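> Turn this into a structure:
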Amino acid sequence: MGSEGPLTITVHVTGFKKFHGVSENPTETIVSNLKGFMEKSGLPKGIVLESCNVLETAGEGAVASLYKTLESALVGHENAANAGRVLWLHFGVNSGATKFAIEKQAVNEATFRCPDELGWKPQRLPIIPSDGPISRARETSLPTHEITKALSSMGYSVMASDDAGRFVCNYVYYHSLHFAEQHGNKSLFVHVPLFMTIDADTQMRFVASLFEVLASLQL
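Model (predicted):
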């Protein structure tokens, strides 16, 4: 009988740089420090942290580097079994939030409340025109309520959310969900508060706990 060893979940993580009104984006700090933090604390069995990338907080600017990362990471995961165990984990900040938010879906609408970092301010534009109207939503295949419940039981202030806004976070999440569906991957977006609301150490531990929960789901 063939022995292929235990299946692993290969995780690719993204965060964002600064943007209008947020001079220091906590997700840039989280993602930049994540590999070192997880080397010290230890990744859960079955999780491989493959890449950590910080994107420009800009619609097309972020998506260009996002797709470069998405496509390069497909190498070595061509077969269906491996592809299904590739997870795109995106972090963005909600400056008004008091809790972490596990985002269930993204909507095919770009309506930016302010220009992004490249000066783009779309209004009621479809993110992927071939997907149809701006009311179209794409949902993650991951059990967001189960993930939220598990993290809450660990003591974190966390909620399930079905509205990722209409700014760059939603824009990137929609593209990621579309790509994940095309290639048999999985995608999840998590909104975090500012560090003045939940400190950096707690946020790093939250991400480590999220990995534990993801490992326990046996995707």
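
> what helices or strands is the top helix by length along the chain leaning on?
Assignment by DSSP state H gives helix 200-217 as the longest helix of the chain. Packed against helix 200-217 by the contact rule (3 or more CB pairs under 8 Å, 6 or more residues apart in numbering; DSSP states H and E) you find strand 9-16, helix 26-41, strand 47-55, strand 86-93, helix 144-153, strand 186-192. Glycine gets a C-beta too; all of them are placed from N, C-alpha and C.

> Would you reformat the ones you listed as a markdown table and include mean neighbour count, distance to residue 135 and mean pLDDT?
Formatted as a markdown table, the helices and strands packed on helix 200-217 follow (neighbours: other CB atoms under 10 Å; distance: least, CB to CB, whole Å; pLDDT from 0 to 100):
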| stretch | mean neighbour count | distance to residue 135 | mean pLDDT |
| --- | --- | --- | --- |
| strand 9-16 | 23 | 26 | 95 |
| helix 26-41 | 17 | 28 | 97 |
| strand 47-55 | 18 | 26 | 95 |
| strand 86-93 | 25 | 22 | 96 |
| helix 144-153 | 17 | 20 | 98 |
| strand 186-192 | 25 | 19 | 97 |
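
> Let me know which of these is the nearest to residue 109.
For the helices and strands packed on helix 200-217, the distance to residue 109 is smallest for strand 186-192, at 15.3 Å, taking CB to CB.

> Pairing partners for the closest one, with directions?
Its sheet considered, strand 186-192 pairs with strand 86-93 (parallel), strand 100-103 (antiparallel) by DSSP bridges.
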